[in-house]
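In: need coordinates for the below:
(chains A and B)
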Amino acid sequence: DVKVTQSSRYLVKRTGEKVFLECVQDMDHENMFWYRQDPGLGLRLIYFSYDVKMKEKGDIPEGYSVSREKKERFSLILESASTNQTSMYLCASSSKRQGRNQPQHFGDGTRLSIL
Amino acid sequence: AQKVTQAQTEISVVEKEDVTLDCVYETRDTTYYLFWYKQPPSGELVFLIRRNSFDEQNEISGRYSWNFQKSTSSFNFTITASQVVDSAVYFCALRCGGGYNKLIFGAGTRLAVHP
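Out: Numbers count the residues shown, from 1 in each chain, chains lettered A, B, ... in the order given. You can find the predicted model right below:
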């Protein structure tokens, strides 16, 4: 089974802090994604990566950056956390080699609160 | 524009009732893929099913069934004889023919099944 592991289930940080959310997958997937989930809005794509050191902006990249130094790890960075970034963050991965219809596999999510 | 609409925000049923979750999508692509995910209270999104645009066969898996109709751009999900364990948020998602396996999610439908 694919395992996508997010480093924290719950995280509380203060406004202005630099925040790192880590995600690791164990299936050698090329594609990795970061979403945020807010009530009534579903999941919105922040950034994604299709290879090591490659990154692409999603629909809501403002205030975030990412890092993909190793294939299995994809980090989301809040450069200067603000209260409107309080949300549930979900990481996902998928295989590129197996074709376009492959599902994304998700981690358990990190519920981040910015005070 | 690509879009997924789940018009039902919340549905509440009593155990053993049948329930249908609606999903309507918009895309100009001729090749696309549709997915359903379940998010139980634990938070992890669980992949349920995928459908290719060129395969309109309906599918049944135990108590779950899916009705894909290109004529109405709908991909509805029915749970027969619902159980308390079906309580979750359900997301419909669309992947179009471009690269990188990006998914567009609906806002989700929260299903509550009461004993």
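
In: quick one: buried residues of stretch A:80-96?
Out: Residues of stretch A:80-96 classed as buried: A:81, A:85-95 (neighbour count, 16 or more other CB atoms under 10 Å in any protein chain shown). (C-beta placed from N, C-alpha, C; glycine too.)

In: export the residues you listed to CSV and tack on distance to A:Ile60, pLDDT and secondary structure?
Out: Shown next, in CSV, are these (distance: CB to CB, whole Å; pLDDT from 0 to 100; DSSP: H, G, I helix; E, B strand; the rest coil):
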residue, distance to A:Ile60, pLDDT, secondary structure
A:Ala81, 15, 97, coil
A:Gln85, 10, 97, helix
A:Thr86, 14, 97, coil
A:Ser87, 10, 97, strand
A:Met88, 14, 96, strand
A:Tyr89, 12, 97, strand
A:Leu90, 13, 96, strand
A:Cys91, 15, 96, strand
A:Ala92, 15, 95, strand
A:Ser93, 20, 93, strand
A:Ser94, 20, 90, strand
A:Ser95, 25, 86, coil
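
In: out of those residues, who's nearest chain B?
Out: Relative to chain B, the closest of these is A:Ser94; by CB to the nearest CB it sits at 4.9 Å.

In: show me what that closest one is bridged to.
Out: A:Asn31 (DSSP bridges).

In: so what's it up against?
Out: Neighbour list for A:Ser94: A:29-31, A:33, A:102-105, B:101 [criterion: CB atoms under 8 Å, 6 or more residues apart in numbering or on different chains].
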